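# everything below, folded, please.
(one chain, ligands or ions: 1)
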Amino acid sequence: MVARHNRHEADGQFLLRTIALVLCSLTVTSTTSAEDATPTVQHQVTFFDDRFPNDNPKSRTVEGRVLIAAQDGGLLIEGRDGRLWTVGPKQLEKDEATTEPFCPLSADEIGQQLQADLIAFGIKSPSEIILTKHYVICSTAGRVYGEWVGGLFERLHAAFHSFWKEAGLELHEPEFPLAAFVLKDQAEFVRVATKHDGPDAAVSKGYFSIETNRIVMFDLSDAGKSVPAKSFAEIRQRMRKSPFNVATVIHEATHQIAFNSGMHVRFADNPVWLTEGMAMFFEVPDLESLSGWKTVGRLNQTRLDRFRELLKQQRETATLASLIESDSRLKDVDVAEAAYAESWALTYYLIKNRKADYVRYLKTLQSKPRLRADTPEERRGDFCKAFGEDLEILERDFKRWSTWRSK
Ligand SMILES: [Zn+2]
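Here you go, the predicted structure:
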């Protein structure tokens, strides 16, 4: 439970910190942020890179496309590896358009980049690259565990896409190979997470970084064991003893798929109850089915139990409106765990009972511009447009349903 709390605290906080940081460093006004179409020309942008956790501030050149050119001269760039870079006007040294079209790196090139980064982070254990249809996994946890993770990711990817296609939501294949570090133990994870995304990220058991578009995690089947599992059967046997660990892997992979399929837009103002609710909706594992994912959206009993407790001691301020209008309850360490449980319950309720409206709401969020924070009124307006004006009726129905469900 504590681990779960830590994971989500870190996960949520990291996301918010990223958005806040980005919003501070670029001034975007309504006249400059329009993203009419994704730009197709490749640029070479040189800037002074002094961001944390960079130990060695220096000039950096990134090949990519310019997603936003702000009025103050700042840029939002998407690199060929899918990483987002915010460059403030004072950091920018040179921005040159090439004659080449924007071209994402190949899976092999991403793999080389991941291995080079591990070495730069001071990781001494040898790494292996595992390629699947959509994923590039850089593993120091051995090939077998890397392949097991790759298989799990692919099954989840297929299940996620078919679930939403059936629900009437148009998604697309990822434009970039989906990258993940799978490290052999927690010590390596802490080192990489700290170097990669800062100390907040290192307190989790794994996370998806919206900025770098990468998952960072470690071998969760190996708790306390020095010998990595030799077969998928052995991994499944170990993981069955710790379903929470499997949920962590799936949870972070769901974030990555959602942000790479056009469901959520990276660096747009996605409500955290929605993005986290989505990851928790999918996180219930299906380890028994090797051919496919048969149990998308199974009842998440742990989350439901936590929500039921919350309902018993609900504070006046913990209203549905407060969850929808702002992310504050989800980033307040004292109440975050309860707010996560509530976000799962709300997501589950809406998908099971109001699927068409939920899809309509997702479509509204899909069209949100990057780097623009919505006001609480805008958040509420978007929600009510999909689910109706009377939040109190919805809240009453939702809580009545949750109490009934939990019996
Ligand atoms: Zn999450």
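# got the contact list for the host helix or strand of residue 46?
Here residue 46 sits within strand 41-49, counting by DSSP states H and E. Here strand 41-49 makes contact (CB atoms under 8 Å, 6 or more residues apart in numbering) with 57-66, 75, 77, 80, 85, 87, 90-98, 100-103. Using the backbone N, CA and C atoms, a C-beta is placed for each residue, glycine as well.
# the stretch 151-300 of the chain against the ion: which residues are in contact?
For the stretch 151-300 of the chain, the contact set with the ion under CB under 5 Å from the ion comprises 276, 279.
# low-confidence ranges, the stretch 151-300 of the chain, go.
222-226, 286-294 (pLDDT under 70).
# can you give me the strands in it?
Remark: strands assigned in the stretch 151-300 of the chain by DSSP state E, counting those that start in this stretch are 178-183, 206-209, 214-218.
# partners of the helix or strand just after the strand holding residue 46, with directions?
With elements assigned by DSSP H and E, the helix or strand that comes after strand 41-49 is strand 58-69. Strand pairing for strand 58-69, using DSSP bridges, gives strand 41-49 (antiparallel), strand 75-79 (antiparallel).
# can you tell me how far the closest residue to residue 228 other than its chain neighbours sits from residue 373?
Nearest residue to residue 228 in three dimensions, chain neighbours excluded: residue 142, at 4.3 Å (CB to CB, 6 or more residues apart in numbering). Distance of residue 142 to residue 373, computed by CB to CB, to the nearest Å: 43 Å.
# out of these two, which sits in the busier spot?
A direct count of neighbours by other CB atoms under 10 Å for residue 142 and residue 373 places residue 142 higher, at 20 against 13.
# contacts only, for that one.
Applying CB under 8 Å, 6+ apart to residue 142 gives the contacts 128, 184, 219, 228, 229.
# the second one: what's it in contact with?
This points to residue 184. Residue 184 sits next to 125, 140, 141, 142, 218, 219, 222, 228 when contact means CB under 8 Å, 6+ apart.
# which of these are buried?
Buried members of the contacts of residue 184, scored by 16 or more other CB atoms under 10 Å, are 140, 141, 142, 218, 219, 222, 228.
# what sits against the closest residue to the second one other than its chain neighbours?
The one in question is residue 141. In space, and not counting its chain neighbours, residue 141 is closest to residue 219: 3.8 Å by CB to CB, 6+ apart. By CB under 8 Å, 6+ apart, the residues touching residue 219 are 141, 142, 145, 182, 183, 184, 185, 228.
# pick the one among these closest to the ion.
The ion has its nearest neighbour among the contacts of residue 219 in residue 182, at 17.9 Å by CB to the ion.
# report pLDDT for the closest residue to the closest one other than its chain neighbours.
Taking CB to CB, 6+ apart as the measure, residue 182 lies nearest to residue 139, with 4.3 Å between them; neighbours along the chain are not counted. Residue 139 is assigned 97 on the pLDDT scale.
# same deal with the one 3 residues further on?
On pLDDT, residue 142 comes in at 92.
# contacts only, for the residue nearest the centre of the chain.
What sits nearest the mean C-alpha location of the chain, by CA atoms, centre = their mean, is residue 255, with 3.3 Å. Residues near residue 255 by CB under 8 Å, 6+ apart: 11, 208, 210, 275, 278, 279.
# what distance do you get for it to residue 389?
In terms of CB to CB, residue 255 sits 31 Å off from residue 389.
# any idea which residue of the stretch 301-407 of the chain lies closest to the ion?
Taking CB to the ion, the ion has its nearest neighbour within the stretch 301-407 of the chain at residue 340, 8.3 Å off.
# hmm, residue 323 and residue 395 touching each other?
No: applying CB atoms under 8 Å as the test, residue 395 and residue 323 come out as separate, 9.6 Å apart.
# neighbour-wise, which of the two wins?
Neighbours were counted for residue 395 and for residue 323 using other CB under 10 Å; residue 323 has more, 24 against 16.
# dump the contacts of residue 255 into JSON lines; add neighbour count and distance to residue 297 as well.
JSON lines is the format used below for those (neighbours: other CB atoms under 10 Å; distance: CB to CB, whole Å):
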{"residue": "11", "neighbour count": "28", "distance to residue 297": "20"}
{"residue": "208", "neighbour count": "27", "distance to residue 297": "20"}
{"residue": "210", "neighbour count": "22", "distance to residue 297": "24"}
{"residue": "275", "neighbour count": "26", "distance to residue 297": "16"}
{"residue": "278", "neighbour count": "24", "distance to residue 297": "11"}
{"residue": "279", "neighbour count": "26", "distance to residue 297": "12"}
